[in-house]
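Asks: Show me how the following folds:
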Amino acid sequence: MMTANEIRAAFVAFFADKQHHIVPSAPMVVKGDPTLMFTNAGMNQFKDIILGNTEAKYPRVADAQKCLRVSGKHNDLEEVGHDTYHHTMFEMLGNWSFGDYFKEEAITWAWEFLHDRLGISSDRLYATVFEGSVSEGLERDNEAASYWERFLPQDRIINGNKKDNFWEMGETGPCGPCSEIHIDLRSDAERAEVSGRSLINKDHPQVVEIWNLVFMQYNRMADGSLTLLPHKVIDTGMGFERLCMAMQGKRSNYDTDVFQPLIGAIAQLSGIPYGTSERSDVAMRVIADHVRTISFAITDGQLPSNAKAGYVIRRILRRAVRYGYTFLGRREAFMYLLLPTLIDSMGEAYPELIAQRDLIQKVMREEEDSFLRTLESGIKLLDKKVAELDGQGILSGHDAFVLYDTFGFPLDLTELILREHGMTLDQEGFDREMAEQKARARSAAQLETDDWVTLREGETLFVGYDQTEADCEILRYRRVKQKNKDFYQVVLSISPFYAEMGGQVGDAGYLLDETTNTRFVIMDTKRENNLPVHLMTQLPSEPNATFHVVIDTEKRRMAEANHTATHLLHHALRQVLGEHVEQKGSFVSPEVLRFDFSHYNKLTPEEIRTVETLVSQAIRADYPREEYRNVPIAEARTMGAMALFGEKYGEEVRVMKYGDSIELCGGTHIPSTGMIGSFRIVSESSIAAGVRRIEAVTAGNAEAYLYKQEDTLSEIKALLNNASDVVKSLQKLLSEGNALREELEVMNKAHVVTLKKDLLSTSVKRAGYRLFLLHGGEKPDVVKDIAFQLRGEVQEPFVFVAATTDGARSLLSIMLSDIAVNSGLHAGNLVKEAAKLIRGGGGGQPHFATAGGKGSDGLQEARDLILSYVDAHPLA
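Replies: Alright, predicted model coming up:
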């Protein structure tokens, strides 16, 4: 039986023999493409070639690609663990042809690999072909069917509809018919009873698609019409985990050696054997799947966070934690302990797991600990809601959504806890809240684009490393609408404008029509599918003319100063903190630089000062820019340049050197370090487990920062009567303040003693309770202190009501003895009703609650309302 690693290697070797160039997997986390957060198919890294934005260096390519599908069109998350073949992170084995071979070779080689190389029985295989579409004016893909007839009988070549057998990149762009290969893994007896043909695309767990061959031959226009692509593309993708299931004779992907080592480790940690129950089995499958996703995401530079891709990763991690918490009884972090098992299985194919082991474990453990605390908090909040409803009725959809959205509390865990209390959830209300949130998100992000208007063929020649202006022509443009604002994306033949990438913002400037001396503002430059697009609010009336483009050199120079400073900062951090420091992200604009790096501890003031000093020394040394273009990646590494995990490098790279700082970088940089002028760190913080962030300023912004510090110091000095020793004066002032606070605390304690004594002597009997009434101007903490002292000291049934003021605010406080609560009184409910009379709100527990309002109007009426409820529930 072939192992997973042997199967992967066999695929790569097969297509290498077919003259395919083998490329490494691109990072699972996508950078530089606003339409994608994660690589969700093998074709993503070739998207710019397929779109015609970049020429293919190799006409034939193959790889094993890390993919992630959890959101948007390919949302498999909720099915993961519950069936046998859905996953979040999975591997896609693929081969591509860019204008070289087409359907015949793609089908022939797919058959040759599966049947001849791997030995899969032909009577278990089926192929689907596109049946055609009358509405599109497309005929059946008879060409593909004719090639399949060389290998399969006609009854195992099945027509498929547009949904299953016509692949489209999106609403517009390259598309075409596809041919799926399905395999029937059922027993001979099952196959004899029911034909596999009837189970194709019917979600049967043992009759599954394993390979999709896409024949891109059309281009979908914005009006929905189809035109022929100038160069046809083959794009195939085979599910690696499903192929392993077929080759290893298993009935589930989770039973293969891809997942079984992880499931075994989870079973050992939990003390629950796999196969004990369906609930624990699902939990183990979920965790085994998710720990792979989380590990690879962190390796590729995406840390869990509360925004965009980071939120998706955090959601996956929390889903795994919750399954462990609910079904395996895990109350402590445990997933980080599975990393050694994952490395044993996949470290050979993906060595970045080994290199990033410490960071993955650190991040995972801290995220687990954090969410376990969230779970505890969520359970307390939910218990409070249950108590307010007296364990009866329905929890509102709004409350459930707040728990889910604000606190990250899983909906199914909310439902489970409610069932334990005999309660239900307003599912419709929850769904309505969720739909409204999604609608808001869609509205904010919706982007409408027209078709490209092509004036000339060609690609943009970027000259921005050497020039700040250039003569050019417009190659193509299109109108774009977002948030009800229209603008244009313009592609130029020659451009000095740097398109946003690698953390550096794009250039701004203008396009000059020299015949009319009219300037058209270029407000930004973005990169879309590796295509530099210039964003303009207005187009020239004659777009076919020749133009002159000029960048905003002041903003460019400021951004360059900050970008070069990040290189010097990175080098200084490695000198001060150690070689484990590695860049994890950056942002470079004309105003500020932000640098994220791997490190486990907060930097001390001495470390920050040392880093600043080293960067400043490098600036004063005025190191010249040493630039090396089109350097082979291996040669760049021998020069000392460090390749970053999570970045996709080509075979040739650009190396930037300033003194001892050597980095691979495609951004723009200052001619020499002296032009940076000055450098100051303005903040240092943690953004995730094991990752720190430094924000800094350079040049004029650094001077402005220092001037602001000086102004603040001058103001403090003036407040201290221009004391010669500011620190000593502040210390004296703080010491005097502390002494006064201590005196005040003593006075407050004495005041509480006096108030309590007066309350005990003036209490009255009412409705069978001992009633304590407090009024006047009192601080909230004084009232609370008295209330809890009375609860601890008074043995008989009592009611404490305080209607007090604190400045312009009115306050209500209620404390009830246990007997009073058992008699039907509820402090939280009482104060909630009474708060309406003081134009405020509040709540609390059955025995103690508070409310606040505006002004003292209605305070007496509020107190009387509370007393009327007490009268209505006399002590029996």
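Asks: Test my guess that Gly264 contacts Tyr274.
Replies: Yes. In this structure, Gly264 is within contact of Tyr274 by C-beta atoms under 8 Å, at 7.2 Å. All C-beta spots, glycine's among them, are computed from the backbone N, C-alpha and C.
Asks: the more surrounded of those two?
Replies: Tyr274 (18 against 15; other C-beta atoms under 10 Å).
Asks: Mind jotting down where the strands sit in the stretch 101-250 of the chain?
Replies: 125-130, 157-160, 166-168, 173-184, 207-220, 226-239 (DSSP state E, counting those that start in this stretch).
Asks: Out of these, which is the most enclosed?
Replies: strand 125-130 (a mean of 25; mean count of other C-beta atoms under 10 Å).
Asks: angle of that strand against strand 207-220?
Replies: Angle of strand 125-130 versus strand 207-220, following axes from the mean of the first three to the mean of the last three C-alpha atoms, to 10 degrees, is 30 degrees.
Asks: May I see the buried residues of stretch 132-150?
Replies: Applying a neighbour-count criterion of 16 or more other C-beta atoms under 10 Å, one finds Gly132, Leu138, Asp141, Ala144, Ala145, Tyr147, Trp148 buried in stretch 132-150.
Asks: I meant stretch 278-291, not that one.
Replies: Result for stretch 278-291 [16+ other C-beta under 10 Å]: buried residues Ser280, Asp281, Val282, Ala283, Met284, Arg285, Val286, Ile287, Ala288, Asp289, His290, Val291.
Asks: what's the average pLDDT for it?
Replies: Per-residue pLDDT over stretch 278-291 has a mean of 95.
Asks: what's the offset of that stretch from the middle of its chain?
Replies: With C-alpha atoms, centre = their mean, to the nearest Å as the basis, stretch 278-291 stands 22 Å off its chain's centre.
Asks: circling back to that earlier point, please tabulate the buried residues of stretch 132-150 in a markdown table, including the columns pLDDT and distance to Leu812.
Replies: Shown next, in a markdown table, are the buried residues of stretch 132-150 (pLDDT from 0 to 100; distance: C-beta to C-beta, whole Å):
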| residue | pLDDT | distance to Leu812 |
| --- | --- | --- |
| Gly132 | 94 | 74 |
| Leu138 | 93 | 73 |
| Asp141 | 96 | 75 |
| Ala144 | 97 | 77 |
| Ala145 | 97 | 79 |
| Tyr147 | 97 | 81 |
| Trp148 | 97 | 79 |
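Asks: So which of the residues you listed sit within helices?
Replies: Taking DSSP state H, the ones among these that sit in helices are Ala144, Ala145, Tyr147, Trp148.
Asks: Greatest separation within those residues: which pair is it?
Replies: Pairwise distances across these peak at 7.4 Å for Ala145 and Tyr147 (criterion: C-beta to C-beta).
Asks: pLDDT score assigned to Thr172?
Replies: 83.
Asks: And Met747, by the same measure?
Replies: 89.
Asks: And Leu447, by the same measure?
Replies: Leu447 is given a pLDDT of 65.
Asks: Repeat that for the one 3 residues further on.
Replies: Asp450 carries a pLDDT value of 84.
Asks: returning to that earlier point: please tabulate the ones in helices among the buried residues of stretch 132-150 in CSV, including the columns distance to Tyr498.
Replies: Formatted as CSV, these follow (distance: C-beta to C-beta, whole Å):
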residue, distance to Tyr498
Ala144, 44
Ala145, 49
Tyr147, 47
Trp148, 49
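Asks: What is the nearest of the residues you listed to Ala387?
Replies: The closest of these, once distances to Ala387 are taken by C-beta to C-beta, is Ala144, at 64.2 Å.
Asks: Was I right to think the closest one contacts Glu131?
Replies: No. The criterion here is C-beta under 8 Å, and Ala144 misses it with Glu131 at 11.2 Å.
Asks: Export the strands of the stretch 101-250 of the chain to a markdown table and append columns for distance to Ala387.
Replies: Putting those into a markdown table (distance: least, C-beta to C-beta, whole Å) gives the following:
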| stretch | distance to Ala387 |
| --- | --- |
| strand 125-130 | 57 |
| strand 157-160 | 55 |
| strand 166-168 | 52 |
| strand 173-184 | 54 |
| strand 207-220 | 48 |
| strand 226-239 | 49 |
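Asks: low pLDDT regions in the stretch 151-300 of the chain?
Replies: Within the stretch 151-300 of the chain, no stretch has pLDDT under 70.
Asks: any idea which helix is longest in this protein?
Replies: In the chain, taking DSSP H as the definition, the longest helix is helix 726-762.
Asks: which helices and strands sit right next to the very next helix or strand once past that helix?
Replies: The helix or strand immediately downstream of helix 726-762 is strand 764-766, counting by DSSP states H and E. On a contact count with 3 or more C-beta pairs under 8 Å, 6 or more residues apart in numbering; DSSP states H and E, strand 764-766 meets strand 769-777, helix 859-872.
Asks: Now do the same contact list for Leu790.
Replies: For Leu790, the contacting residues are Lys756, Leu759, Phe772, Phe798, Phe800, Met815, by C-beta atoms under 8 Å, 6 or more residues apart in numbering.
Asks: what does Leu411 give?
Replies: Contact analysis of Leu411 by C-beta under 8 Å, 6+ apart lists Ala400, Tyr404, Leu425, Phe430.
Asks: re earlier: quick check, nearest of the contacts of Leu790 to Asn544?
Replies: Once C-beta to C-beta is applied, the member of those that ends up nearest Asn544 is Met815, at 82.1 Å.
Asks: May I have the helix or strand where that closest one lies as CSV, with CA atoms only?
Replies: Assigned by DSSP H and E, Met815 falls within strand 809-816. Extracted in CSV, the C-alpha atoms of strand 809-816 (Å, rounded to 0.1, in the frame of the first residue of the first chain):
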residue,chain,number,x,y,z
ARG,A,809,-26.7,61.3,38.2
SER,A,810,-29.4,59.4,40.2
LEU,A,811,-28.7,55.9,41.4
LEU,A,812,-30.9,53.0,42.5
SER,A,813,-29.5,50.0,44.4
ILE,A,814,-31.3,47.0,45.8
MET,A,815,-30.0,44.2,48.0
LEU,A,816,-32.3,41.3,49.0
